[in-house]
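Model the following, please.
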Amino acid sequence: MRRRLIQSTLAVVLVVIAVFGVSLVIVETQTITSTAQERVESEAVRLVSIVDSRLIGEERISAEILRDQVDPERYAVVRLRNRAPLAIGDKPRGEVIEATEHGEAGESVTVQEPRSEVTREVGRTLLIIALVALLAIVAAVLLAVRQANRLAAPLTDLAETAVRLGSGDPRPRHKRYGVQELDRVADVLDASAERIARMLTAERRLAADASHQLRTPLTALSMRLEEITLTDDLDTVKDEATIALTQVERLTDVVERLLTNSRDPRTGSAVSFDLDEVVKQQVEEWLPAYRNEGRAIVRSGRQRLRAVGTPGAVAQVLAALIENSLMHGGGTVALRTRVIGNQAVIEVTDEGPGVPGDLGARIFERAISGRNSTGIGLAVARDLAEADGGRLELIQSRPPVFALFLARTQPRRATSEDEGNEGSGAGTTVR
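Below you'll find the model as predicted:
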């Protein structure tokens with residue numbers, strides 16, 4: 001493209017020089033020739049007037065007297081009546097420019113000038129025109145190179161940006177070039193880069209969330225299957241198989257939830273559900289893991305609470321908190337349900353050292369972890385809670401207390417059944 005721009009610009013300049021240069025040469029040649037002819041004619045008129053004045057005054061006329069009146073580069077012949085012609089100067093060779101004037105006394109004066117002088121002057125003019133044309137060509141080439149670089153360099157940058165996008169580097173460059181059309185292309189590429197970056201981020205987030213969220217249900221399912229393989233009691237096998245099927249359903253719900261959040265994190269399917277059932281299911285699911293670690297998991301607080309949310313999402317949030325206590329906490333883990341205003345609250349606490357002070361509220365950020373873990377679980381848990389209109393907070397660092405806040409009734413209407421089921425009851429503890 002750069003070469004084509006230079007060639008096209010140079011071709012235009014050459015055409016302009018050819019058209020106007022030739023015209024200028026013709027005009028200048030004619031002008032120089034006409035000027036030379038006028039000079040010779042003026043010389044003849046002046047010389048004949050001198051001869052007339054001397055003849056009227058009856059003064060002597062000779063070649064020596066008139067020699068000083070004639071330009072040394074010209075040749076003049078004075079013809080008088082009854083006298084031989086008077087030759088002044090050297091007769092030129094070759095082509096000449098000639099003019100003849102007649103006086104009042106019958107005399108005539110012929111002046112000649114070599115055409116070579118005109119030719120030299122035309123040559124000097126042509127040389128000047130050629131130099132100007134050459135300068136114009138050089139200036140045109142420099143301008144064409146500059147313009148070509150100005151247009152080609154942005155196109156090269158845009159091509160590199162497109163290559164980077166294709167190679168998986170979606171960083172927008174936010175570079176503009178001062179050319180409206182090229183800036184428009186740059187705007188489109190930057191917008192595409194931002195969309196691709198969001199898509200890649202969502203895909204990577206989905207992969208990370210999936211690996212983290214599916215790990216716990218799969219581990220629990222593996223433990224139930226191991227229990228089945230180690231027992232010969234048919235009743236135990238049936239119980240464990242029932243629990244395993246429940247965990248498979250929960251695993252399916254986790255997958256569907258992850259896919260839904262990957263499409264639109266704000267999408268929720270909140271319903272009114274039995275909060276006690278979800279808490280009980282999580283305690284039973286994690287009890288074997290805590291027993292293997294020589295620790296306990298208990299639940300207490302208000303009973304017969306109903307909350308608004310997605311049961312599967314709430315289960316995932318509690319699982320993330322329980323797993324976090326298993327990995328980073330210590331002692332007994334307690335799940336306590338209580339009521340604050342129109343909200344149901346599930347608190348998860350343990351007897352471990354708590355959250356380091358330098359983490360604080362950053363504990364819910366991705367890749368933030370107090371130990372060598374992924375730092376994804378709490379971030380995913382907060383996203384799930386917010387998708388259902390709830391919130392997840394760290395309300396105490398030492399000992400650590402995480403609280404999940406959920407609405408107790410539907411946002412627009414409450415049913416009498418919900419209110420009846422939300423009666424207070426004595427707290428119980430399950431080990």
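
only C-alpha atoms for contact and neighbour calcs from this point on.
Fine.

K91 belongs to a helix?
No - counting by DSSP: H, G, I helix; E, B strand; the rest coil, K91 is located in no helix; its state is coil.

How many residues are close by V122?
For V122, the neighbour count with other CA atoms under 10 Å is 20.

That one: which element?
helix 115-166 (DSSP states H and E).

Run a quick neighbour tally on S53.
If you count neighbours by other CA under 10 Å, S53 ends up with 14.

tilt between the top helix by length along the chain and helix 115-166?
Criterion DSSP state H: the longest helix present in the chain is helix 2-56. Helix 2-56 runs at 160 degrees relative to helix 115-166, counting by axes from the mean of the first three to the mean of the last three CA atoms, to 10 degrees.

all strands of the stretch 201-350 of the chain, in order?
271-274, 297-301, 306-309, 333-340, 343-349 (DSSP state E, counting those that start in this stretch).

thinking again about what came up before, against which helices or strands is the helix holding V122 packed?
Secondary-structure packing of helix 115-166 (3 or more CA pairs under 8 Å, 6 or more residues apart in numbering; DSSP states H and E): helix 2-56, helix 180-230.

So what does the residue sitting furthest away from the middle of the chain look like in phi/psi?
What lies farthest from the middle of the chain is N82; by CA atoms, centre = their mean that is 99.8 Å. Dihedral pair for N82: phi 60, psi 20, per degrees, to the nearest 10.

got it, and P399?
Main-chain torsions, P399, degrees, to the nearest 10: phi -60, psi 160.

Contacts only, for it.
By CA atoms under 8 Å, 6 or more residues apart in numbering, the residues touching P399 are T349, D350, E351, G352, P353, G354, V355.

Let's see which of those end up in strands.
Among the contacts of P399, the members falling in strands are T349 (criterion: DSSP state E).

ok so, going back, make JSON lines from the strands of the stretch 201-350 of the chain and add mean pLDDT and mean neighbour count to it.
Below are the strands of the stretch 201-350 of the chain laid out as JSON lines (pLDDT from 0 to 100; neighbours: other CA atoms under 10 Å):
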{"stretch": "strand 271-274", "mean pLDDT": "87", "mean neighbour count": "17"}
{"stretch": "strand 297-301", "mean pLDDT": "92", "mean neighbour count": "20"}
{"stretch": "strand 306-309", "mean pLDDT": "90", "mean neighbour count": "26"}
{"stretch": "strand 333-340", "mean pLDDT": "93", "mean neighbour count": "20"}
{"stretch": "strand 343-349", "mean pLDDT": "93", "mean neighbour count": "24"}
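
Can you spell out the domain ranges of this structure, please?
Under the assignment automatic domain parsing, the domains of the chain span 2-139, 168-204, 268-421.

Single out the most deeply packed of these.
Highest mean neighbour count of these: domain 268-421, a mean of 18 (counted as mean count of other CA atoms under 10 Å).

and the nearest residue to A105 once chain neighbours are set aside, how far is that from R83?
Nearest residue to A105, sequence neighbours excluded (CA to CA, 6 or more residues apart in numbering): D52, at 6.7 Å. Here D52 is placed at a distance of 15 Å from R83 (CA to CA, to the nearest Å).

Low-confidence stretches in the protein?
Low-confidence segments of the chain (pLDDT under 70): 1-2, 200-217, 220, 247, 250-251, 253-269, 357-361, 366-376, 409-431.

what about the residue nearest to E347 when sequence neighbours are not counted, which SS state?
Using CA to CA, 6+ apart and skipping the chain neighbours, the partner closest in space to E347 is A403 (4.4 Å). Under the three-state scheme (three-state DSSP), A403 adopts strand.

Enumerate every residue touching A403.
Per CA under 8 Å, 6+ apart, neighbours of A403: V345, I346, E347, V348, L392, E393, L394, I395.

same question, D71
Contacts for D71 (CA under 8 Å, 6+ apart) come out as none.

For it, what is the enclosing helix or strand?
Using DSSP H and E, D71 falls outside every helix and strand.

Can you report phi and psi for P92?
Torsion angles at P92 (phi, psi; degrees, to the nearest 10) stand at phi -70, psi 150.

I'd assumed P72 was in contact with it.
No - using CA atoms under 8 Å, P92 makes no contact with P72, being 11.3 Å away.

picking up where we left off before, make TSV from the contacts of P399 and add distance to Y177 to it.
Listed next are those as TSV, based on distance: CA to CA, whole Å:
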residue	distance to Y177
T349	58
D350	59
E351	61
G352	59
P353	57
G354	54
V355	50
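
which one of the contacts of P399 sits closest to V12?
Relative to V12, the closest of the contacts of P399 is V355; by CA to CA it sits at 75.5 Å.

quick one: the nearest residue to that closest one once chain neighbours are set aside from A403, how far?
In this structure, V355 finds its nearest non-sequential neighbour in S397, 5.1 Å apart by CA to CA, 6+ apart. Between S397 and A403 the computed distance is 12 Å (CA to CA).

How about the contacts made by V70?
V70 neighbours (CA under 8 Å, 6+ apart): E43, L47, A76, I88, G89.

Was I right to think the fourth one contacts E73?
No - here I88 lies out of contact with E73, judged by CA under 8 Å, at a distance of 10.7 Å.

does the residue lying closest to D187 once chain neighbours are set aside count as helix, strand or coil?
Among residues not flanking D187 along the chain, H174 sits closest, at 7.8 Å (CA to CA, 6+ apart). For H174, the secondary structure call by three-state DSSP comes out as coil.

The one 4 residues further on now?
Going by three-state DSSP, the secondary structure assigned to G178 is coil.

Which residues are in contact with it?
G178 neighbours (CA under 8 Å, 6+ apart): none.

correct me, but T310 touches V278?
No - contact criterion CA under 8 Å: T310 and V278 do not qualify, at 10.4 Å.

which neighbours do these two share?
Counting by CA under 8 Å, 6+ apart, nothing touches both T310 and V278.
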